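[1] sequence first, predicted model second:
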Number of protein chains: 2
Amino acid sequence: MNQPVVILVRPQIGENIGMSARAAYNGGLTHLRLVNPKEPWPNPKAIKPAAGAHVILDEVQAFDRLEDAVADLHYVLATSARPRDMAKPVYNAESAIKKLNEMIQQGHQVGIMFGPERTGLDNEDLSRADGLIEIPMNPDYSSLNLAQAVLVMSYEWIKHINKRPEVSLEHHDTLATKQEIIELFDHLEHELDRSGFLRVPHKRDTMVRNIRNMLLRGEFTSQEVRTLRGIIVSLVDPYYRDRKIPEG
Amino acid sequence: MNQPVVILVRPQIGENIGMSARAAYNGGLTHLRLVNPKEPWPNPKAIKPAAGAHVILDEVQAFDRLEDAVADLHYVLATSARPRDMAKPVYNAESAIKKLNEMIQQGHQVGIMFGPERTGLDNEDLSRADGLIEIPMNPDYSSLNLAQAVLVMSYEWIKHINKRPEVSLEHHDTLATKQEIIELFDHLEHELDRSGFLRVPHKRDTMVRNIRNMLLRGEFTSQEVRTLRGIIVSLVDPYYRDRKIPEG
């Protein structure tokens, strides 16, 4: 396993197991273990909420005891709403995933423990963990449910292993060449000269510069430049275009 | 408003509005707007799934048209499962929140648009947005539901505005002083000398060093040092302790 195992400890409600499976799989986590679920496993109630995450549900491993569920793992972190009186390192969700992935890179098997709905993991459960994960949430309203907690961790996982650029510009066309931009500016400035928009000589340079800057910020594609030129053509009234514009 | 407005466009199911309110509030987002919900608003079906996020539900604003829902905002990003053929900047969830917070710092009102269940935002909706947000998820199984998408964004929001340390050690007691650690080592090494564990002279220094290093990694508190010393005392068999250990 080159990813953390998701361990649901004493889940009370079958639907939540399904929703957690979905949340895990949304972030690419496919190994789900149950410890002493309240309802017998396999549980048909889990199927619909899993919303097609069958890969996960079919492979779920159920254990009677937490000790057995973590026996083959080397490093386990436990989610905990607020850290208990326990001297363990406390990670946030992001740094926990970073730590877990470091352990994986060193050849270790790792897991993330999630507690029962409402009560969360008890101190006995937490004493099995190498560290705690405190998911940062609204201090005035911290009611993250089981599947939401799994989602935050799986989201941080896929974000960590699958770095995306911070910002990309979704162009299905290449950016316009500078030649195309120059021709656009020439075209526009020619028409603005003709229309009289740029007729005050001592203001002309500044105005042209401002227009060019404004348009360059758009980072236009070739197609967009063609569209803009079409707009200019269509805006120039043929009647007006043929009139003589007074100089200066 | 010093936080992004959450805008649910044409939500189909009342329960999902409640779950989205809960997800928003989990990350501290309290402004929720609806555009043309399928079921009339207010909708009693939203109350239970909101799980106590009344602050949000009571203040929800409903609009017939997206244009009206965003009219007072300066900058709006739209979540979109996969970027459409649209030349807009595409952010990931984290960089989107960073961008939105920059806009807020400059005095702007900002929002995040979420599309209807199943279909997502259409191209007309997206054309209202200044940029897109692509939430990074499992490419093999991207079935993030409405409330899950809201949760990821609200989680990134509270993470961004409420920076936590990457790792902290949850001690409700201060770390042991070096004097306490030295006394622990003296105690332990004294007993190990007596027991004969350290009896091979040319190995003694290395063994002592290894034991000290191993124990120091634990970053013990004062209380833990006292516990360890109690363990040492209790392990030393009184009978054995009084025996004469042969030298070297």
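    Done, it's in.

[2] pull the CA atoms of the longest helix along chain A into PDB?
    Taking DSSP state H as the criterion, chain A has its longest helix at helix A:178-195. The C-alpha trace of helix A:178-195 is given here as PDB (Å, rounded to 0.1, in the frame of the first residue of the first chain):
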ATOM      1  CA  LYS A 178       3.000  39.800 -30.400                       C
ATOM      2  CA  GLN A 179       2.600  40.400 -34.100                       C
ATOM      3  CA  GLU A 180      -1.100  39.700 -33.800                       C
ATOM      4  CA  ILE A 181      -1.300  42.100 -30.800                       C
ATOM      5  CA  ILE A 182       0.600  44.800 -32.700                       C
ATOM      6  CA  GLU A 183      -1.700  44.500 -35.600                       C
ATOM      7  CA  LEU A 184      -4.700  44.700 -33.300                       C
ATOM      8  CA  PHE A 185      -3.300  47.900 -31.700                       C
ATOM      9  CA  ASP A 186      -2.500  49.400 -35.100                       C
ATOM     10  CA  HIS A 187      -6.000  48.600 -36.300                       C
ATOM     11  CA  LEU A 188      -7.600  50.100 -33.100                       C
ATOM     12  CA  GLU A 189      -5.500  53.100 -33.000                       C
ATOM     13  CA  HIS A 190      -6.000  53.800 -36.700                       C
ATOM     14  CA  GLU A 191      -9.700  53.700 -36.100                       C
ATOM     15  CA  LEU A 192      -9.500  55.800 -33.000                       C
ATOM     16  CA  ASP A 193      -7.400  58.400 -34.900                       C
ATOM     17  CA  ARG A 194     -10.000  58.400 -37.600                       C
ATOM     18  CA  SER A 195     -12.900  58.700 -35.200                       C
END
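
[3] which strands and helices sit next to whatever helix or strand A:E102 lives in?
    In this assignment (DSSP states H and E), A:E102 forms part of helix A:93-105. Judged by 3 or more C-beta pairs under 8 Å, 6 or more residues apart in numbering or on different chains; DSSP states H and E, the packing partners of helix A:93-105 are strand A:75-79, strand A:110-114, strand A:131-133, helix A:146-161, helix B:146-161. Where C-beta positions appear, they are placed from N, C-alpha and C, glycine not excepted.

[4] about what we covered before: neighbouring contacts of the next helix or strand after the longest helix of chain A?
    Counting by DSSP H and E, the next helix or strand C-terminal to helix A:178-195 is helix A:201-216. With contact meaning C-beta atoms under 8 Å, 6 or more residues apart in numbering or on different chains, helix A:201-216 is reached by A:181, A:184-185, A:188-189, A:192, A:197-198, A:228, A:248.

[5] and those as CSV, adding neighbour count?
    As requested, the contacts of helix A:201-216 are exported to CSV (neighbours: other C-beta atoms under 10 Å in any protein chain shown):
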residue, neighbour count
A:I181, 17
A:L184, 20
A:F185, 15
A:L188, 19
A:E189, 17
A:L192, 17
A:F197, 14
A:L198, 18
A:L228, 17
A:G248, 7
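
[6] close to chain B, is stretch A:113-130?
    No - residues of stretch A:113-130 are not located near chain B by C-beta under 8 Å from any C-beta of the partner chain, the shortest gap being 10.4 Å.

[7] wait, stretch A:24-44
    Yes - looking at stretch A:24-44 against chain B by C-beta under 8 Å from any C-beta, the contacts come from A:25-28.

[8] in helices only, show me those.
    Per DSSP H, the residues of stretch A:24-44 next to chain B map to helices at A:25-26.

[9] which one among the residues of stretch A:24-44 next to chain B gets closest to B:L144?
    A:N26 (5.7 Å; C-beta to C-beta).

[10] tell me the contacts of A:I161?
    Contact analysis of A:I161 by C-beta under 8 Å, 6+ apart lists A:28, A:101.

[11] next one: it from A:P4, what distance?
    11 Å (C-beta to C-beta, to the nearest Å).

[12] what do you get for A:S95?
    Noted for A:S95: a distance of 14 Å to A:P4, by C-beta to C-beta.

[13] who has more neighbours out of those two?
    Ranked by neighbour count (other C-beta atoms under 10 Å in any protein chain shown), A:S95 and A:P4 place A:P4 first, with 26 against 19.

[14] isn't that one up against A:G28?
    No - in this structure, A:P4 is not within contact of A:G28 by C-beta atoms under 8 Å, at 10.6 Å.

[15] give me the common contacts of the two.
    Listed as contacting both A:P4 and A:G28 by C-beta under 8 Å, 6+ apart are A:W157.

[16] any low-confidence regions in chain A?
    A:82-87, A:169-174, A:237-248 (pLDDT under 70).
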